[in-house]
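1. here is a sequence with its predicted model. Questions after.
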Amino acid sequence: MIDLRVVRNDPDRLRTAQQRRGASESVVDELIVADRSRRDTIADFERLRAEQRRLGKEIASASGGARDELLRQTKALAAQVKRAEAAQAGAESRLRDLAATVPNLASDEAPEGGEDDFRVLVETGSPRDFAAEGFEPRDHVELGRRLGAIDVERGAKTSGARFYYLTGVGALLELALVQLAMERALGWGFTPMIPPALVKPRAMEGTGFLGQAAADVYRVEQDDLYLVGTSEVALAAYHSDETLDAESLPRRYAAFSPCYRREAGSYGKDTRGIFRVHWFDKVEMFSYTSLEQSYDEHERLLGWEREWLDQLELPYRVIDVATGDLGLAAVRKFDCEAWLPSQGRYREVSSTSNCTQFQARRLDVRVRGTRGNEPAATLNATLMASTRTIVALLENHQDRDGSVRVPAALQPYLQGRAVLEPTA
RNA sequence: GGAGGUGUCGCCUAGUCCGGUUGAUGGCGCCCGCCUGCUAAGCGGGUUGAGGGUUGUCCCCUCUCGCGGGUUCAAAUCCCGCCACCUCCGCCA
């Protein structure tokens, strides 16, 4: 949720922010009205309640006729209090519902525009020239089949489109990646976590996934639980309703969890292979910081994401995502995109967002600092998304015979294997 | 899934049966001060959190006893629903 003080003190800033996002500006005026009505109803209620209290105290000590007279007065008052209370509750929920639709204020540094208006920040490593090497690169589906690593046909048989089995060396590869990622994260000071993948509505709502992204979320209706699309949800909710000491920040968590996404509205997009699937596993980095610290932390998280891709020896670029593509919670987002030879372009393999106080305000995560309590800032960053990492590894490190070179850093986690050989 | 119990302002706890000076008792911890070669002990005071008013950190108001409703002039206290934890039973990895 955005800071409602902006609505009161600087509505023009909010209008500009909405405009930069391509979001509704009229909502600002609605917010101003709703906020004013909330304050008015609160004032009414508090005034009546104070009067009621005062009378109640008198009744307690009065007796006889005086008491009866007081009772007559206060009975009428009680009805008014009840009405005022209902009016306040109504005004508050209207404001809350309205505020919930407003996205976080995008950073001034984020490029303005839609999905295609990103800015490329860096490009590192160069895509291999397969023509010069004299062979046509295979895509990950073909490579995975030859290695006995990926089985999409049986995935579809069992669970439907966009499901897969990792088999044999494919399964080992994921476990190796997870293990390596966790050890790196541990070295950087993260606390390893294995969080729940099913969460209550509050966690989902608090992280901003029930708004415009709700269609992409799996819901278990019978128990009113949601399957998380990222462990960011469970990690953000981890400290909900808590007040953290400023000295304990930043707090960094690295979680391994499955991720479930309905991928609604992506019909026909990336239908081949395991690039876009309904379920994958991921190691996610998550930081709690103060608002001031969050900007530097964002850079650090990006640095760690890059270090990870460097050690997997993948060519990639980093983009500064445009305002219209930030989602609800982020003020700024960097995506790392690895080169995919089969597609001849860069594709997202990781992403880091600074959500500032947007999630913390909803989930009630506060920092106890010198200025009193204030909402914490939360940041998330992909370290290792299993399927896309496997796709990038197989395609970039393939050889003409369909074998795949294992980057040195990963070899100790794959029983020392330097090359994955086709089984058929 | 069934039966019973518990949930009080950091931690522990009184209060709940029998509604009203409870805007919640006491202890521990913590903070400030006093005392003292130092430390400890001792003595005095402070200590739930949130929102708002005034922005004259001085005060005032509202909310907050797991959460949400209800009854009542009035709810920590009575009633209903839910949640979490504990014990036992059943079922299952």
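-> Everything's here; your move.
2. from here on, contacts and neighbour counts on C-alpha atoms
-> Will do.
3. which element is the residue in the stretch 101-250 of chain A positioned nearest to RNA strand B on?
-> When distances are taken as Cα to the nearest atom of the strand, the stretch 101-250 of chain A reaches nearest to RNA strand B at residue A:243, 8.2 Å away. For residue A:243, the element it lies in under DSSP states H and E is strand A:242-245.
4. can you tell me the element residue A:12 falls in?
-> helix A:11-21.
5. what are the buried residues along that helix?
-> A:11, A:14-15, A:17-18, A:20-21 (16 or more other Cα atoms under 10 Å).
6. picking up where we left off before, the residue of the stretch 101-250 of chain A closest to RNA strand B against residue A:365, yeah?
-> Yes - in this structure residue A:243 lies within contact range of residue A:365 using Cα atoms under 8 Å: 6.0 Å.
7. more neighbours: the two, which one.
-> Per other Cα atoms under 10 Å, whichever of residue A:243 and residue A:365 has more neighbours is residue A:365, with 25 against 17.
8. tell me the pLDDT at that one?
-> At residue A:365, the pLDDT value in this model is 87.
9. any idea how far it is from RNA strand B?
-> Residue A:365 is 10 Å from RNA strand B, where distance means Cα to the nearest atom of the strand, to the nearest Å.
10. cool, and residue A:89?
-> Residue A:89 sits 8 Å away from RNA strand B, going by Cα to the nearest atom of the strand.
11. the helix or strand hosting that residue packs against which elements?
-> If you go by DSSP H and E, residue A:89 is part of helix A:64-100. Contacting helix A:64-100 under the criterion 3 or more Cα pairs under 8 Å, 6 or more residues apart in numbering; DSSP states H and E are the following elements: helix A:26-61.
12. would you mind getting the angle between the helix it packs on and helix A:11-21?
-> Here helix A:26-61 runs at an angle of 130 degrees relative to helix A:11-21 (axes from the mean of the first three to the mean of the last three Cα atoms, to 10 degrees).
13. beta partners for the residue of the stretch 101-250 of chain A closest to RNA strand B?
-> residue A:366 (DSSP bridges).
14. before we move on, the earlier item: direction included, what does the following helix or strand past the strand holding residue A:243 pair up with?
-> On the C-terminal side of strand A:242-245, the nearest following helix or strand under DSSP H and E is strand A:251-260. Applying DSSP bridges, strand A:251-260 is found paired with strand A:191-193 (parallel), strand A:279-289 (antiparallel).
15. and strand A:251-260, how far out from the chain middle?
-> 11 Å (Cα atoms, centre = their mean, to the nearest Å).
16. ditto for stretch A:145-157
-> With Cα atoms, centre = their mean, you get 30 Å for stretch A:145-157.
17. what's the answer for stretch A:59-74, then?
-> Offset of stretch A:59-74 from its chain centre (Cα atoms, centre = their mean): 58 Å.
18. so which bits of chain A are right by RNA strand B?
-> A:43, A:45-47, A:49-53, A:56-57, A:59-61, A:71, A:74-75, A:77-78, A:372-373 (Cα under 7 Å from any atom of the strand).
19. among the residues you listed, name the buried ones.
-> So, by 16+ other Cα under 10 Å, the buried ones in the residues of chain A next to RNA strand B are A:45, A:49, A:52, A:59, A:71, A:74, A:77.
20. what's the most distant pair in the residues you listed?
-> A:45 and A:59 (20.9 Å; Cα to Cα).
21. circling back: and the residue of the stretch 101-250 of chain A closest to RNA strand B, what is it in contact with?
-> By Cα atoms under 8 Å, 6 or more residues apart in numbering, the contact set of residue A:243 is A:365-368, A:373.
22. out of those residues, which is nearest to residue A:398?
-> Using Cα to Cα, those come closest to residue A:398 at residue A:365, 46.0 Å.
23. the closest one contacts residue A:358, doesn't it?
-> No - with contacts counted by Cα under 8 Å, residue A:365 stays clear of residue A:358, the gap being 10.3 Å.
24. which one of the buried residues of helix A:11-21 sits closest to residue A:227?
-> Among the buried residues of helix A:11-21, and counting by Cα to Cα, the member closest to residue A:227 is residue A:21, at 28.1 Å.
25. so the closest one makes contact with residue A:113?
-> Yes - counting by Cα under 8 Å, residue A:21 touches residue A:113, with 7.2 Å between them.
26. what sits in contact with each of the two?
-> Common neighbours of residue A:21 and residue A:113, counting by Cα under 8 Å, 6+ apart, are A:323-324.
27. now do stretch A:378-390, average pLDDT.
-> In this model, stretch A:378-390 has a mean pLDDT of 97.
28. mind listing residues that contact it?
-> Here stretch A:378-390 has contacts from A:173-174, A:177-178, A:181, A:232, A:236, A:274-275, A:280-289, A:294, A:297-298, A:301-302, A:304-305, A:308, A:349-357, A:359-360, using Cα under 8 Å, 6+ apart.
29. same thing but at 6 Å, please
-> Here stretch A:378-390 makes contact (Cα atoms under 6 Å, 6 or more residues apart in numbering) with A:275, A:281-288, A:305, A:349-356.
30. could you export it as CSV, CA atoms only?
-> Below are the C-alpha coordinates for stretch A:378-390, written out as CSV (Å, rounded to 0.1, in the frame of the first residue of the first chain):
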residue,chain,number,x,y,z
THR,A,378,11.5,-5.1,1.4
LEU,A,379,13.4,-6.2,-1.6
ASN,A,380,13.5,-9.4,-3.5
ALA,A,381,15.8,-10.9,-6.1
THR,A,382,15.9,-14.2,-8.0
LEU,A,383,19.1,-16.1,-7.4
MET,A,384,18.3,-19.3,-9.2
ALA,A,385,15.1,-20.1,-11.1
SER,A,386,15.5,-23.8,-11.9
THR,A,387,13.9,-24.2,-15.3
ARG,A,388,15.2,-21.0,-16.9
THR,A,389,18.7,-21.6,-15.6
ILE,A,390,18.7,-25.1,-16.9
